[in-house]
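Engineer: next input, structure requested:
(one chain, ligands or ions: 1)
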Amino acid sequence: MPAQPILRIGHPCLLQTALPVAEFNTPELDTLVADMLDTMAAADGAGLAAPQIGVLQRVVIFGFENNPRYPERDPVALTVLVNPEIQPLGDETESDWEGCLSVPEMRGWVPRYRRIIYRGFDPQGQPVEREVEGFHARVVQHEVDHLDGILYPQRIEDMTKFGFEKELFDDSLEETSDVEGSC
Ligand code: NI
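Structural biologist: Next comes the predicted model:
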């Protein structure tokens with residue numbers, strides 16, 4: 001299956017609520033998942049939700065070993081999750097930098113629940129349930145948000161911590177100029 005174009009922020013599809021998958025183990029679902037896996041791999045993504053390729057179905061994929069977009073993260077097993085649900089474990093949240101293939105070249109500082117249980121099904125209809133924390137929990141919350149039409153910039157509380165990755169993480173930009181009034 002070829003990688004599909006990824007919709008970018010501003011596209012109305014990304015604001016829609018996706019519909020539950022009604023039938024498992026079908027050629028249509030297998031094709032969708034294959035397209036999503038190819039699309040995520042081609043873009044070096046850590047996760048992808050079906051609406052990002054214009055399909056309003058409740059399907060997400062995530063996982064990586066050594067991801068160039070997130071080089072310092074622990075690996076997350078490659079997972080396909082259909083009709084996912086998230087249950088936070090406690091009220092504790094933590095904030096971290098987050099990106100999205102639909103918001104290219106940018107990063108934002110996003111609060112998420114630190115520990116969650118997620119449940120759903122694999123494409124054959126077998127139940128999946130995991131208790132996770134940290135970056136793994138973050139990725140799942142990010143992807144499931146896509147199914148409800150929410151992009152991570154909507155979760156940012158401090159908009160001074162949203163910008164282009166290149167500028168945000170360029171230490172040389174922090175040096176103040178000798179000339180007052182210039183930047
Ligand atoms: Ni995303």
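
Engineer: next, the buried residues of the longest helix belonging to the chain.
Structural biologist: Counting by DSSP state H, the longest helix found in the chain is helix 27-42. Neighbour-count burial for helix 27-42, counted by 16 or more other C-beta atoms under 10 Å, picks out 29, 32-33, 35-40. All C-beta atoms are positioned from the backbone trio N, CA, C, and that covers glycine.

Engineer: please apply the same query to stretch 61-74.
Structural biologist: Result for stretch 61-74 [16+ other C-beta under 10 Å]: buried residues 61-64, 67, 70, 73.

Engineer: and that stretch, how far apart are its ends?
Structural biologist: 17 Å (C-alpha to C-alpha, to the nearest Å).

Engineer: for residue 78, give its distance to residue 168.
Structural biologist: Separation of residue 78 from residue 168 (C-beta to C-beta, to the nearest Å) stands at 28 Å.

Engineer: by contact count, what packs against the longest helix of the chain?
Structural biologist: strand 47-49, strand 59-64, strand 76-88 (3 or more C-beta pairs under 8 Å, 6 or more residues apart in numbering; DSSP states H and E).

Engineer: what's that helix in contact with?
Structural biologist: For helix 27-42, contacts defined as C-beta atoms under 8 Å, 6 or more residues apart in numbering pick out 1-4, 6, 21, 23, 45, 47-48, 50, 52-53, 55, 57, 59, 61, 80, 82, 101, 123.

Engineer: any idea of the mean pLDDT in it?
Structural biologist: Across helix 27-42, pLDDT averages out at 97.

Engineer: give me the distance from that helix to the chain's centre.
Structural biologist: In terms of C-alpha atoms, centre = their mean, to the nearest Å, the centre of helix 27-42 is found 16 Å from the chain centre.

Engineer: can you give me the angle that helix makes with strand 76-88?
Structural biologist: 110 degrees (axes from the mean of the first three to the mean of the last three C-alpha atoms, to 10 degrees).

Engineer: what are the ranges of the helices in this protein?
Structural biologist: Under DSSP H, the chain gives helices at 27-42, 134-147, 165-168.

Engineer: okay if I get the ones you listed as a markdown table plus distance to residue 157?
Structural biologist: Compiled in a markdown table, these are given as follows (distance: least, C-beta to C-beta, whole Å):
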| stretch | distance to residue 157 |
| --- | --- |
| helix 27-42 | 28 |
| helix 134-147 | 15 |
| helix 165-168 | 16 |
